[in-house]
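> this is a predicted model, with the sequence first.
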Amino acid sequence: MWLIARRSVADGWGRLAATLLAAVLSIGMIAGGLQFTLRAQEALSGSDASEYARADVLVLGGTTDPESTRATREGKVAPNQVAGLPGVAAVAGDAQLPVTAGGPDGEPIPPPAWAGTLLRPWTPETALNPYRLESGRAPAADGEVAVTRHAARGGDLETGDPLRVALPKRTREMKVVGIVTVQGRDAVADGNLVLAPPETVREAAGLPAGTWHGVWVKAAPGVEAARLSEDLNRALSGDDVTVRTAADVRAEQSGTVRGDASMMSGIIAMLSLIGVFVGLFVVANTFGTLVRQRTRRLALLGAIGATPRQIKRLIKLEALALGIVASIGGLLLGYPVSSLLAALLAEDGFDITATGPQYGWIALVAPAAAGILVIQLSAWRAASKAARISPMEALRSTGSGTAGRRWPRVLGALALFGCSWIFLGSAFGTQDGQPPGVQRATSICALILIGSMINVIALSVLAPFFVGPLGGLVGRVGTVASGEAGRLARATISRSPRRVSAAASSLMLGVVLVGTPSLVALSAEARYDEAGRQVMLAERAITSTGSDEAERASLPRDTAERAAAARGVTSAAALTATDAELVEPPPQGPAGLPLPLRVTGADQAALPSVADLGGDLRPLRPGEIGLTSGIMKMRDIEKGQRIVVRTESGRVALTVAGAYHDPSHLFADQALVSPATMDRLDPGAAPQAVLVRGGTEDGLTRALAGVPGAEVQDRSAYIETVVDSTTNGRTVIYGFIAMSLVLALFGLATTISMSVAERTREFGLLGAVGATAAQIRSVVRWEATTVVLLGGLLGSGIAVGAVSMMRLATGSTFIDPVPPWWLFVVVLAGAAAVTLATSALPGRRAADVPILEATRAE
């Protein structure tokens with residue numbers, strides 16, 4: 001059997017090489033998706049280290065929210081207020097400022113996903129210092145800093161390199177003198193840290209001499225942190241401070257990271273699952289085709305004495321060898337695939353590039369085991385069938401084959417349709433478990449896309465039953481157009497439904513991968529533009545641009561006043577925004593997590609003239625808030641009800657003035673307040689944009705000449721800018737789908753090429769009875785047409801059905817299942833081009849094979 005296996009490999013090395021390459025690409029996709037998921041999970045949930053690791057108690061300046069991990073921006077506390085109190089062994093002042101750090105090349109250093117970059121003081125007190133120097137030394141002089149290793153990797157920094165730090169009031173050039181880790185991690189829960197000498201940080205924060213935002217406290221030996229916290233709370237009861245145990249703060253930091261990470265990790269895992277599915281599908285389809293076309297050779301082995309058991313063992317050994325080689329190549333390919341996906345994710349603002357490659361058993365064993373298992377399963381079914389075929393039956397033709405037994409296929413397809421509802425049902429369950437927004441819609445769409453992939457398998461099982469009727473239709477058209485070649489094509493298509501359906505299944509998968517996201521993207525883009533124009537009454541908007549994100553983030557507070565003073569301007573309203581959490585009414589359900597709330601602030605007098613928000617919300621007074629109808633329905637909130645929101649400034653009680661609706665989701669997506677209320681929620685909130693009605697672009701440009709980075713945009717340009725910032729995450733999604741599509745098309749090309757090459761003997765015999773080379777090539781083209789129609793129609797149906805379910809599950813008007821007339825015309829034209837291109841060369845070669853050589857072919 002070893003000699004037979006070697007001869008089999010030598011004779012069919014071309015087809016085997018194509019199958020091997022398809023398997024390598026498939027396992028590479030699986031390994032890359034798994035690597036990417038593991039790296040994302042490490043970046044999102046692995047940075048649970050805390051700068052408070054060695055502190056026992058925190059004394060935070062100001063009256064802060066008991067559940068907040070930060071001091072208020074106005075809070076001040078002096079270390080000498082705490083030092084010397086009973087039970088206190090050591091103290092250290094602390095302050096934190098959000099900053100943007102730039103590397104030597106001037107590009108901003110991306111922080112870890114869902115985090116930021118903070119400027120903090122290097123702690124001189126050894127008992128409280130949590131930072132471990134991995135290289136360099138501690139910062140000592142003004143202008144020197146140490147950075148966490150994640151920041152060093154992200155900015156390609158080494159000790160001695162310059163670092164540009166954008167502070168709240170100015171940008172400073174500093175020098176990196178040290179690189180640190182915290183509790184063995186490259187970053188902390190809040191993100192990257194830039195550590196400077198204490199006085200440098202205090203001056204940057206604008207704090208008076210001897211005061212800090214907070215004080216870290218080390219308990220004396222034998223004193224418990226909880227007891228010391230209570231004692232300090234009593235001792236400092238007359239001061240405007242909040243005392244908390246460091247353990248409580250660390251737990252809340254980790255909980256925040258886990259909460260932020262769970263949704264993103266879930267989305268990434270679902271996207272990776274799509275890649276895994278495509279990889280397994282291609283492996284199963286190509287290897288199954290490889291074994292099926294060797295039916296004649298395997299049956300002839302039985303004629304010379306090989307037992308069915310030996311034939312099965314031969315195929316399984318070949319499958320095992322191919323699987324091992326493909327697994328090694330696929331695992332190696334998975335690392336660059338993972339790096340590419342990580343780079344695409346960083347483009348969307350979620351940086352995980354600083355996390356290294358994963359070498360655990362899950363990252364290495366799982367993709368290899370999945371590939372080997374699927375190849376073995378594909379070989380097992382084909383080998384079992386081949387072992388049962390008699391030599392006389394095999395000699396008739398290599399290309400013949402029925403659609404198979406009807407009821408097993410129907411029952412198998414029904415079972416797969418049922419399995420798809422595991423994901424489709426979960427999509428409808430997600431609708432009630434998450435707040436409305438882009439993240440919820442992305443989660444729902446990913447679940448529905450996975451369910452649609454399972455439906456692709458189900459239709460692939462049923463596809464042989466569709467080949468006969470469709471092949472008959474194509475054959476009749478071919479007979480009219482090509483005469484005898486069309487009649488021959490009809491006969492070959494009807495006689496080999498499984499061969500045609502195997503190629504059509506790969507094409508169907510490709511159409512689904514292209515059609516579904518294209519239809520969603522086109523409908524969302526059109527709806528954003530329509531709704532944005534409906535809401536935005538202002539002709540222009542003022543935004544900020546610059547060389548980095550820090551400069552683009554906000555505008556000076558007097559921008560709206562400058563714009564209103566421009567000639568011809570009738571109204572100008574600044575839009576500010578801050579992130580908050582709805583804590584009262586309390587969250588429901590076992591998770592018990594507060595509802596994230598994006599609060600928009602706007603001048604209530606000018607807003608109606610620049611934006612048309614739906615609903616009957618009257619102008620808001622200080623202390624009032626307007627909520628979207630979706631938020632009010634989700635939390636059962638009534639008009640006039642008192643609610644409590646939490647921001648970094650603490651808890652703020654507000655009265656719900658009523659409901660409104662922003663159909664564009666671009667201007668005030670969840671909550672709306674007046675400028676006075678915004679000052680309570682976030683005193684430092686700066687305008688993100690200013691909507692302007694009236695005036696001219698030149699006039700506004702002249703009025704804003706003294707505002708650095710200000711840019712005047714018309715309505716269309718501004719809506720496009722806001723849409724781009726709202727729909728972050730598309731790049732990596734499109735990257736996943738593009739790689740999956742390439743893999744599916746490669747599987748299609750491999751399947752078609754092998755199917756045509758498989759019929760060399762058949763085409764040679766047709767030539768022997770008088771068929772011309774042109775007629776043989778015409779037969780191949782008509783068969784390719786059947787593949788295009790079958791795969792294109794089934795794929796288009798699944799794509800439209802998937803988008804319809806997305807519309808139903810999300811309830812979003814931004815998803816429209818009715819495609820533009822040209823979309824699937826373009827998709828089918830592309831499918832036809834790929835199919836005909838991949839079948840043309842093998843068909844030409846088969847038609848040119850001499851008759852005697854064809855009769856010797858397998």
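Good, I have the coordinates.

> in terms of pLDDT, where does Pro586 sit?
Pro586 carries a pLDDT value of 81.

> looking at this, it is in a strand?
No: applying DSSP: H, G, I helix; E, B strand; the rest coil, one finds Pro586 to be coil, outside a strand.

> can I assume Ala703 is in contact with Ala563?
Yes: here Ala703 reaches Ala563: they are 6.2 Å apart, a contact under Cβ atoms under 8 Å. C-beta here means a position set from N, CA and C on the backbone, and glycine is covered the same way.

> who has more neighbours, these two?
Higher neighbour count among Ala703 and Ala563: Ala563, with 30 against 23, using other Cβ atoms under 10 Å.

> isn't that one up against Leu700?
Yes: using Cβ under 8 Å, Ala563 is in contact with Leu700, at 6.0 Å.

> which neighbours do those two have in common?
Counting by Cβ atoms under 8 Å, 6 or more residues apart in numbering, the common neighbours of Ala563 and Leu700 are Ile542, Val569, Val692.

> as JSON lines, those residues with pLDDT and distance to Ala809 would be great.
Listed next are the shared contacts of Ala563 and Leu700 as JSON lines, based on pLDDT from 0 to 100; distance: Cβ to Cβ, whole Å:
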{"residue": "Ile542", "pLDDT": "93", "distance to Ala809": "38"}
{"residue": "Val569", "pLDDT": "94", "distance to Ala809": "44"}
{"residue": "Val692", "pLDDT": "96", "distance to Ala809": "38"}
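
> which one of these is nearest Leu790?
Ile542 (54.5 Å; Cβ to Cβ).

> ok, now how distant is the closest one from Met536?
Distance of Ile542 to Met536, computed by Cβ to Cβ, to the nearest Å: 13 Å.

> pick out whichever of these two has more residues nearby.
Legend: neighbour count by other Cβ under 10 Å for Ile542 and Met536, higher for Ile542 (27 against 23).

> so that one, which state does it fall into?
The three-state assignment at Ile542 reads strand, by three-state DSSP.

> right, and it touches Ala689 too?
Yes: using Cβ under 8 Å, Ile542 makes contact with Ala689 at a distance of 6.5 Å.

> joint contacts of those two?
Joint contacts of Ile542 and Ala689 (Cβ under 8 Å, 6+ apart) are Leu555.

> give me the low-pLDDT residue ranges for the stretch 151-300 of the chain?
Low-confidence segments of the stretch 151-300 of the chain, defined by pLDDT under 70, are located at 168-169, 238, 254-271, 292-300.

> what ranges does it have for its strands?
All strands of the stretch 151-300 of the chain, identified by DSSP state E, counting those that start in this stretch, fall at 162-166, 171-182, 191-196, 214-219, 241-245.

> which elements pack onto the fourth one?
Okay, so that is strand 214-219. Strand 214-219 sits against strand 57-61, strand 88-94, helix 225-235, with contacts defined as 3 or more Cβ pairs under 8 Å, 6 or more residues apart in numbering; DSSP states H and E.

> contacting residues around it?
52, 54-61, 71, 75, 77-79, 81-82, 87-95, 123, 125, 127-128, 225, 228, 232, 246.

> hmm, try it at 7 Å
With contacts defined as Cβ atoms under 7 Å, 6 or more residues apart in numbering, strand 214-219 is touched by 52, 55-61, 71, 77, 79, 82, 87-94, 127-128, 225, 228.

> do the longest one as well
With Cβ under 7 Å, 6+ apart as the contact definition, strand 171-182 has outside contacts at 49, 51, 53, 130-139, 143-149, 152, 157, 159-165, 188, 195.

> quick one: mean pLDDT for stretch 512-529?
Rounded mean pLDDT across stretch 512-529 is 87.

> not counting that stretch itself, show me its contacts.
By Cβ under 7 Å, 6+ apart, the residues outside stretch 512-529 that reach it are 445, 449, 452, 456, 664, 719, 723, 734, 737, 740-741, 744, 795-796, 798-799, 802-803, 806, 813-816, 819-820, 823-824, 827.

> report the buried residues of the helix or strand hosting Leu765.
Using DSSP states H and E, Leu765 maps to helix 760-768. Neighbour-count burial for helix 760-768, counted by 16 or more other Cβ atoms under 10 Å, picks out Thr760, Arg761, Glu762, Phe763, Gly764, Leu766, Gly767.

> could you pull out the helices for the stretch 751-858 of the chain?
With DSSP state H, counting those that start in this stretch as the criterion, the stretch 751-858 of the chain has helices at 760-768, 773-810, 823-847, 851-856.

> out of those helices, which is the most enclosed?
Comparing these by mean neighbour count (mean count of other Cβ atoms under 10 Å), helix 773-810 comes out on top with a mean of 23.

> what angle separates that one from helix 760-768?
For helix 773-810 against helix 760-768, the angle by axes from the mean of the first three to the mean of the last three Cα atoms, to 10 degrees is 140 degrees.

> chain center to helix 773-810, what's the gap?
27 Å (Cα atoms, centre = their mean, to the nearest Å).

> and that helix, what does it pack onto?
Counting contacts by 3 or more Cβ pairs under 7 Å, 6 or more residues apart in numbering; DSSP states H and E, helix 773-810 packs against helix 406-433, helix 438-482, helix 484-495, helix 497-535, helix 760-768, helix 823-847.

> average model confidence for the last one?
It stands for helix 823-847. 79.

> and it with helix 497-535, angle?
Helix 823-847 runs at 150 degrees relative to helix 497-535, counting by the same axes, to 10 degrees.

> does anything pack onto helix 823-847? Which helices or strands?
By 3+ Cβ pairs under 7 Å, 6+ apart, helix 823-847 packs against helix 497-535, helix 730-758, helix 760-768, helix 773-810.

> lowest-confidence helix or strand of the chain?
helix 549-552 (a mean of 40; mean pLDDT, DSSP states H and E).

> where do the helices sit along the stretch 201-350 of the chain?
Using DSSP H, counting those that start in this stretch, helices in the stretch 201-350 of the chain cover 225-235, 246-292, 295-303, 308-347.

> contacting residues around Ala784?
By Cβ under 7 Å, 6+ apart, the contact set of Ala784 is Thr835, Leu836, Ser839.

> looking at these, which is nearest Val201?
Thr835 (64.2 Å).

> so who does that closest one touch?
By Cβ under 7 Å, 6+ apart, the contact list for Thr835 reads Leu507, Ile752, Ala784, Val787, Val788.

> 10 Å instead, please
Applying Cβ atoms under 10 Å, 6 or more residues apart in numbering to Thr835 gives the contacts 503-504, 506-507, 510, 745, 748-749, 752, 781, 783-788, 791-792.

> then Gln604?
By Cβ under 10 Å, 6+ apart, the residues touching Gln604 are 573, 617-621, 624, 626, 672-676.

> 8 Å instead?
Pro619, Leu620, Ser674.

> same question for Ser839.
Counting by Cβ under 8 Å, 6+ apart, Ser839 has contacts Ile752, Ser753, Val756, Val780, Arg781, Glu783, Ala784.

> just the mean pLDDT for stretch 721-730, thanks.
Confidence over stretch 721-730, taken as the mean pLDDT, stands at 71.
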